[in-house]
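Asks: turn this into a structure:
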Amino acid sequence: MALATIDPEQAPKQSSPSVHLKWGEFWQVISGPRNLIASRPVLTRWLLALPGALIAAILFMAAMPVWFPEGAAGIDHFVMPVVLFPLIWVCFFTYTCAEENLPRATLVITICIGMHLALIASAF
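Replies: Numbering: from 1, shown residues only. Next up, the predicted model:
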């Protein structure tokens, strides 16, 4: 049994979907999460202020030994994050409560979480 070959010129041409978005389409894709955040501002603020700020502060504290200097005794980079944890959490919590632009607050907290996850991953 012989295999049939298809001549590329005779094959039906398929139109491939365009991967290039126009600016209007780009803003429609981006506005999806923004509209979701704007539709439930109280829930978004609660999620940012409580678990979001806590997760960001814990990751900030966990990443501090990577960039914080050791000090004379060699333990400052371990002790200072633990001592500063309440202040770090208060800063994240206050920011998420005081920020009027919720999509920007979500973006800032998400970027902080991502940066500190990358720092922690780079240490191992």
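Asks: center of the chain, which residue is that?
Replies: The centroid of the chain falls nearest to Thr110 when counting by C-alpha atoms, centre = their mean (3.2 Å).
Asks: ok, that one to Phe124 distance?
Replies: 22 Å (C-beta to C-beta, to the nearest Å). Where C-beta positions appear, they are placed from N, C-alpha and C, glycine not excepted.
Asks: quick revisit: secondary structure class for the residue nearest to the centre of the chain?
Replies: Assigned with DSSP: H, G, I helix; E, B strand; the rest coil, Thr110 falls in the helix class.
Asks: what does Ala73 give?
Replies: Put simply, Ala73 is coil when judged by three-state DSSP.
Asks: what's the distance between it and Phe85?
Replies: For Ala73, the distance to Phe85 equals 20 Å [C-beta to C-beta].
Asks: more neighbours: these two, which one.
Replies: Comparing Ala73 with Phe85 by other C-beta atoms under 10 Å, the one with more neighbours is Phe85, at 16 against 7.
Asks: which element is the more buried one on?
Replies: If you go by DSSP states H and E, Phe85 is part of helix 76-98.
Asks: flag every buried residue along that helix.
Replies: Across helix 76-98, burial judged by 16 or more other C-beta atoms under 10 Å covers Met80, Pro81, Leu84, Phe85, Ile88, Trp89, Phe92, Phe93, Tyr95, Thr96.
Asks: I'd say the first one and Phe60 touch.
Replies: Put plainly, it is Met80. No. Using C-beta atoms under 8 Å, Met80 is not in contact with Phe60, being 11.9 Å away.
Asks: next, count neighbours for Ala56.
Replies: Neighbour count for Ala56, taken as other C-beta under 10 Å: 26.
Asks: got the contact list for it?
Replies: Phe92, Ile109, Cys112, Ile113, His116 (C-beta atoms under 8 Å, 6 or more residues apart in numbering).
Asks: which of the residues you listed lies closest to Val42?
Replies: Ile109 (16.6 Å; C-beta to C-beta).
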